[in-house]
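1. using only what follows, build the 3D model:
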Amino acid sequence: MQDKYFPLQLAECCLRGISRVILLNNPLSGALILAALLLESPWQALLWMLGLLWMLVSHVILTCMCVCSEEVSSGLHGFNGMLVALLMGLFSSAGDWYWWLLLPVCLGGVATSFLYSSLASFLGRWDLPVSVFPFNTVTLLYLACTGTSNPYFPNYPAQPTGAPESTNHTQLHVPQLLQGALLGVGQIFACVTLGPSLLILGAVFLFSPILAVSAISIMAALTMKPQGLFAPSPM
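-> Sure thing, here's the model as predicted:
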């Protein structure tokens, strides 16, 4: 892609950045994940792409790096901005197509770029990765500065969930187990329906079939909980 036009290089970087959220590095996988996000919620997909794009472009401008550089083209600069936009959209109680939310999403993408560059120069002395630390920091600061009563950026209140009921279960529902494993893959991108989850799993399979099988196995093991998957045995 180094000899291609700038829009094509930028599109590849964005797609790789999407796939980097789940440790993939494939633009085709990123395209499948983007299709899943659009299928789940076009509004959320718009927020995620804006956060990713603003972090990527601001990092290129701040560090005077070209788009075809190795770190940028591999998608390392962008996924933090996407994750910030993801949680801003999920926590917002203003509903879909609330255009005021575009402002903190874009600013959050730029803030993650500043924080990523600063941490990279500091942690690089000990050969430590920056990883998702910028995403966590910017998201916590945003939630701390807005809250539930903010007139422009209201959020859902954080309420602890109740303790699950303690019941004895013995019979396993295999269809529910498989569905729970597939939905668990989609939950990484806040997708709660089966169609987008299957697309995300297809993106993982496209990058590595072994990784896809491992993801299903791990999710199936994690979903084997008393609630919902086991039903009481007939008396």
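2. isn't residue 58 up against residue 109?
-> Yes: at 6.9 Å, residue 58 counts as touching residue 109 under the criterion of Cβ atoms under 8 Å. For the C-beta atoms, the positions are set from N, CA and C on the backbone; glycine is no exception.
3. more neighbours: which of those two?
-> Set residue 58 next to residue 109 and count neighbours by other Cβ atoms under 10 Å: residue 109 wins out with 26 against 21.
4. now do the helix or strand hosting the more buried one: everything it contacts.
-> Assessed by DSSP states H and E, residue 109 sits inside helix 102-123. Applying Cβ atoms under 8 Å, 6 or more residues apart in numbering, the external contacts of helix 102-123 come out as 47, 50-56, 58-59, 62-63, 77, 80-81, 84-85, 88-89, 129-130, 133-135, 137-139, 142, 146, 153.
5. now residue 104: how far from residue 13?
-> Residue 104 is 23 Å from residue 13, where distance means Cβ to Cβ, to the nearest Å.
6. what ranges does the chain have for its helices?
-> Taking DSSP state H to define them, one finds helices in the chain at 6-20, 27-40, 42-63, 70-73, 79-91, 102-123, 133-146, 174-186, 194-207, 209-222, 226-229.
7. any residues touching stretch 126-139, and which ones?
-> Identification of contacts with stretch 126-139 by Cβ under 8 Å, 6+ apart yields 79-81, 83-84, 87-88, 108, 111-112, 115-116, 119-120, 123.
8. same thing but 7 Å
-> Under the contact criterion Cβ atoms under 7 Å, 6 or more residues apart in numbering, stretch 126-139 has outside partners 80, 83-84, 87, 108, 111-112, 115-116, 119-120, 123.
9. next, the distance between the ends of that stretch.
-> Using Cα to Cα, to the nearest Å, one end of stretch 126-139 lies 26 Å from the other.
10. tell me the buried residues in it?
-> Within stretch 126-139, the residues that count as buried by 16 or more other Cβ atoms under 10 Å are 130, 133-135, 137-139.
11. cool, stretch 106-114 as well?
-> For stretch 106-114, the neighbour count (16+ other Cβ under 10 Å) marks 106, 108-113 as buried.
12. tell me the one among these nearest to residue 34.
-> residue 109 (16.5 Å; Cβ to Cβ).
13. wait, doesn't residue 201 sit right on residue 184?
-> No: contact between residue 201 and residue 184 fails when scored by Cβ atoms under 7 Å: they sit 10.0 Å apart.
14. more crowded one of the two?
-> Here residue 201 and residue 184 are compared on neighbour count by other Cβ under 10 Å; more neighbours surround residue 201, at 21 against 18.
15. circling back to that earlier point, and the contacts of stretch 126-139, which of them are buried?
-> By 16+ other Cβ under 10 Å, the contacts of stretch 126-139 give 80, 83-84, 87, 108, 111-112, 115-116, 119-120 as buried.
16. closest one of those residues to residue 208?
-> residue 83 (21.6 Å).
17. from residue 153, how far out is the closest one?
-> 18 Å.
18. go on, residue 5?
-> Look at residue 5 and residue 153: by Cβ to Cβ, they are 37 Å apart.
19. and these two? Which one has more around it.
-> Ranked by neighbour count (other Cβ under 10 Å), residue 5 and residue 153 place residue 153 first, with 20 against 9.
20. quick one: contacts for the more buried one?
-> For residue 153, the contacting residues are 92, 100-101, 104, 146, by Cβ under 7 Å, 6+ apart.
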